[in-house]
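Colleague: Here is my input; please provide its structure:
(chains A and B, ligands or ions: 2)
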Amino acid sequence: MKGLWDKTKKVCIMLSIKNLHAKVEDKAILKGINLQINAGEVHAIMGPNGSGKSTLSNILAGRSGYEITDGTLTYLGENLFEMEPDERARRGIFLAFQYPIEIPGVNNMYMLKAAVNAKRKHEGLPEVDALDFLTIAKKRMRELKMDESFLSRDVNSGFSGGEKKRNEILQMLLLEPTLAILDETDSGLDIDALKIVADGINALRSPERAVVLVTHYQRLLDYVKPDFVHVLADGKIVRSGQADLALTLEQLGYAGVEKEAAE
Amino acid sequence: MNMTEHWLQQFQSLDKKNNPHSALDELRHGAFLRWEKAGFPSTRHERWKYTELMGLAETPFQLPTPSAVLSNTVLQTLLPAVIENSLRAVFVDGEFSTALSSKISNNHLHFGSLHDGFKMFPQEFESYLESIKTPIDSIDDLNTSFSRNGALIFVPPHVKLPQTIHLIYLYTRTPNQMAHMHNRVHLAEGAEATIIEHHIGHDDNIYFSTTVNHISLEQQAYLNYYRCQEQGINAYHINRLYLTQARASVTNLFCLDFKGHLVRNEIEQRFIGQDAECHLHGFYLGKGRQHVDNYITVDHQVPHCLSSQRFKSVLDDRSHSVFHGKVKVAKDAQKTDATQHNANLILSTQAQINTEPQLEIFADDVKCAHGAAIGQLDESALFYLQSRGLDKETAKQMLIYSFAAEIFLAISELEIRAFWQAHLNLYFSGIPLHEELITC
Ligand SMILES: Nc1ncnc2c1ncn2[C@@H]1O[C@H](COP(=O)(O)OP(=O)(O)OP(=O)(O)O)[C@@H](O)[C@H]1O
Ligand SMILES: [Mg+2]
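Modeller: Numbering: from 1, shown residues only, chains lettered A, B, ... in the order given. Ligands and ions are numbered 1, 2, ... in the order given. The predicted structure follows:
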């Protein structure tokens, strides 16, 4: 892997966020985020509404509209700020949206295939043809218990909340990202769907990949055990710990944990 | 020679070619006198508020001379792809071309000289005279004065035309040429037809064409009609379509505008029998300095009819789109259901739109909805596609295409839908667009 080899810890640094400050319309949202994510790790980010979790996720994926006032973002040794969102995606960053966008008129299967082929082209691989793609997509859909008819529908158009989330996971499984950022993919899923989605995430887990789970609930973390849990509050990571931090959060609430951290 | 003399000379040159048919000639002369007096309508005319015809009025357009017509081999290259199971009738600069057309062995059809056509269908002549007696404005008179050719399609009761009629109008390379056509379609009770009116022209020169269509549907008749123009980028084109629908008849009409310099499409629709339906769809792709004006009137004169208008445009550069859609509901036309929608996607700050959806309702128990939207590409959709690895240009094209595709997906005849989608793809230069959209 191309990333930076951290000799002391014998790990490969995939993403390094240093002192990240960001504003939206003159309002400071991120106020100095520091976070290192190594290959093979799963990080959970939790935190109250409006604390900046989606902002951070969007900035990682390259969404415009944010003013970066300070800090650096390094992905596999390269400056992320110099890459357009599509280039980031082709290089392996994937964001599952908290609110997936409906795109009426754009066929789901067509979009998925175009996305997969854009990535393959970047990697110097031949494009997959429609038939092969269909076979792969259908297999993944069976795993996600998605009806095949979703392929012929327009991207997220008229999908229920849970169906949209599954469609995000389908995209993730097809694109096989190096760094997957899942922004509240578990919200709005029923219990069975949560298990299915968790299986999907676990299937992706490997020493070469990393996953960032933004979530409000312990439920998902019961299925996908994180290596680290971070608490984001008011634009800063106020607490980091292991999987058990999530449990503490569940008991004390964010306010309790923040108070504990302050002491 | 001033313009008045010029037009007179053109009219007289035509006189020599005409077959003497007293009633027809008398009418033409009458129309020409009115035209001479009125000239082109100006923007002071309420109907022509947003469409300036000055450029037309100043150009000495000429009727084609036989020597100027291109060879059939050259013309072949202009012809569009063949639609399966279709009958092609090709007109070159307004004249019917037997060589380029399908062999016609259907006695409900006539292509070419109107004079000959009315000999074949004498019973239709009265209605022709009747229909052109009351012009809306001087454009009708201009067309009546100069149109000697066209398509006559008269389908008898309960007959379904076995083939799609593909009327192809080619405009050749001669500068300042003009062509005027007159088409008549009559579907008798329970008759069915699919007709394509397709205008294709060269980019090289300025030319001018008018087409006036009179279409009438008797009860329970069913018509699919596609009017498409791929005129040259310097072409002036005025197209007027009168449509009358009797009880329980159905029309699905698509207006597809891909090119042209100044294009005016009119539809003057009237319901004269209950339980009829009229669905009008339109798409316009504007580039450069193109100007396309859709001027539509749907007239609910009787109760229990359903009409819809759905027009979309994608405007780039300095293109200009005008949409004027009027729904009239007469006092007695209770239980009318009319919708009207015009949506525009603007890709350039210099593109211009005038949209006027209008309702004129005199009945009280009706369902009418109208709306207009003007927007830019959805940034969040663009980001979503980019975040999946698609470069910005591809993502944009995908969104524009999807905006347009809605109109095309409303075409229920799959063969023909594929035909027009292929056109749309072509105009989205270079981006391969994709059978999946059709087949999935
Ligand atoms: N475009 C914007 N304009 C103004 N404020 C914004 C904009 N985008 C985000 N914000 C603000 O930034 C803050 C952080 O928002 P963000 O969506 O990152 O929160 P979050 O942690 O993801 O919350 P949630 O748990 O509810 O999803 C909020 O106060 C939000 O209102
Ligand atoms: Mg959020």
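Colleague: Give me the neighbour count for B:Phe96.
Modeller: Here the count is done by other CB atoms under 10 Å in any protein chain shown, and B:Phe96 has 19 residues near it. In short, each C-beta sits where N, CA and C put it, glycine included.
Colleague: let me redo that: B:Arg417
Modeller: The burial count for B:Arg417: 16, using other CB under 10 Å.
Colleague: Correct me if wrong, but it is in a helix.
Modeller: Yes. B:Arg417 sits within a helix when classified using DSSP: H, G, I helix; E, B strand; the rest coil.
Colleague: excluding its backbone neighbours, what's nearest it?
Modeller: B:Ile411 (3.9 Å; CB to CB, 6 or more residues apart in numbering or on different chains).
Colleague: I'd guessed that neighbour sits against B:Leu256; true?
Modeller: No. Contact status for B:Ile411 versus B:Leu256: not in contact, 9.7 Å apart, counting by CB atoms under 8 Å.
Colleague: ok, back up a step: the residue nearest to B:Arg417 in helix, strand or coil?
Modeller: Relying on three-state DSSP, one would call B:Ile411 coil.
Colleague: pLDDT at it, what is it?
Modeller: We have a pLDDT of 95 for B:Ile411.
Colleague: residues in contact with it?
Modeller: B:Ile411 makes contact with B:Tyr226, B:Phe254, B:Arg417, B:Trp420 under the criterion CB atoms under 8 Å, 6 or more residues apart in numbering or on different chains.
Colleague: now those residues in CSV, with secondary structure and pLDDT?
Modeller: Listed next are these as CSV, based on DSSP: H, G, I helix; E, B strand; the rest coil; pLDDT from 0 to 100:
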residue, secondary structure, pLDDT
B:Tyr226, strand, 98
B:Phe254, strand, 98
B:Arg417, helix, 93
B:Trp420, helix, 93
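Colleague: quick revisit: can you check which residues contact both of B:Ile411 and B:Leu256?
Modeller: Each of B:Tyr226, B:Trp420 lies in contact with both B:Ile411 and B:Leu256 under the rule CB under 8 Å, 6+ apart.
Colleague: tell me the residue furthest from the middle of chain B?
Modeller: Distance from the C-alpha centroid of chain B peaks at B:Ser387, with 40.9 Å (CA atoms, centre = their mean).
Colleague: and A:Arg120, that one's in a helix?
Modeller: Yes. Counting by three-state DSSP, one finds A:Arg120 located in a helix.
Colleague: Nearest residue to A:Leu112 in space, ignoring adjacent ones along the chain?
Modeller: Once flanking residues are discounted, A:Leu112 sits nearest to A:Leu174: 5.9 Å by CB to CB, 6+ apart.
Colleague: Now the helix or strand containing B:Phe408: buried residues?
Modeller: B:Phe408 is part of helix B:392-409, with elements assigned from DSSP states H and E. By neighbour count on 16 or more other CB atoms under 10 Å in any protein chain shown, the buried set for helix B:392-409 is B:394-405, B:407-408.
Colleague: Equivalent analysis for stretch B:285-292, please.
Modeller: For stretch B:285-292, using 16+ other CB under 10 Å, the buried residues are B:Leu285, B:Gly286, B:Lys287, B:Gln290, B:His291, B:Val292.
Colleague: Which two of those have the greatest separation?
Modeller: Spanning the widest gap among the buried residues of stretch B:285-292 are B:Leu285 and B:His291, at 12.8 Å by CB to CB.
Colleague: Name whatever forms a beta bridge with the residue nearest the centre of chain A.
Modeller: The centroid of chain A falls nearest to A:Ile181 when counting by CA atoms, centre = their mean (1.0 Å). Beta-bridge pairing for A:Ile181 (DSSP bridges): A:Leu95, A:Val212.
Colleague: quick one: it from A:Gly161, how far?
Modeller: For A:Ile181, the distance to A:Gly161 equals 19 Å [CB to CB, to the nearest Å].
Colleague: cool, B:Leu53 as well?
Modeller: 54 Å.
Colleague: again with B:Thr172
Modeller: Distance check for B:Thr172 against A:Gly161: by CB to CB, it reads 58 Å.
Colleague: Neighbour count: the two, which is higher?
Modeller: Counted by other CB under 10 Å, B:Thr172 and A:Gly161 do not tie: B:Thr172 has more neighbours, with 21 against 11.
Colleague: excluding its backbone neighbours, what's nearest the more buried one?
Modeller: Nearest non-adjacent residue to B:Thr172, counting by CB to CB, 6+ apart: B:Leu70, 4.7 Å away.
Colleague: Same question for B:Ile195.
Modeller: B:Ile165 (4.6 Å).
Colleague: got a list of what that neighbour touches?
Modeller: Contacts of B:Ile165 by CB under 8 Å, 6+ apart are B:Ser86, B:Leu87, B:Ala89, B:Leu109, B:Ala151, B:Ile153, B:Ala193, B:Thr194, B:Ile195, B:Ile196.
Colleague: now do B:Gly286
Modeller: B:Val292, B:Ser313, B:Val314, B:Leu315, B:Asp316, B:Asp317, B:Ser319, B:His320, B:Ser321, B:Ala351.
Colleague: Which one of the residues you listed is nearest to ligand 2?
Modeller: Using CB to the ion, B:Val314 comes nearest to ligand 2 of those, at 33.5 Å.
Colleague: I'd like the distance between the closest one and ligand 1.
Modeller: Separation of B:Val314 from ligand 1 (CB to the nearest ligand atom, to the nearest Å) stands at 27 Å.
Colleague: what do you get for B:Ala418?
Modeller: 42 Å.
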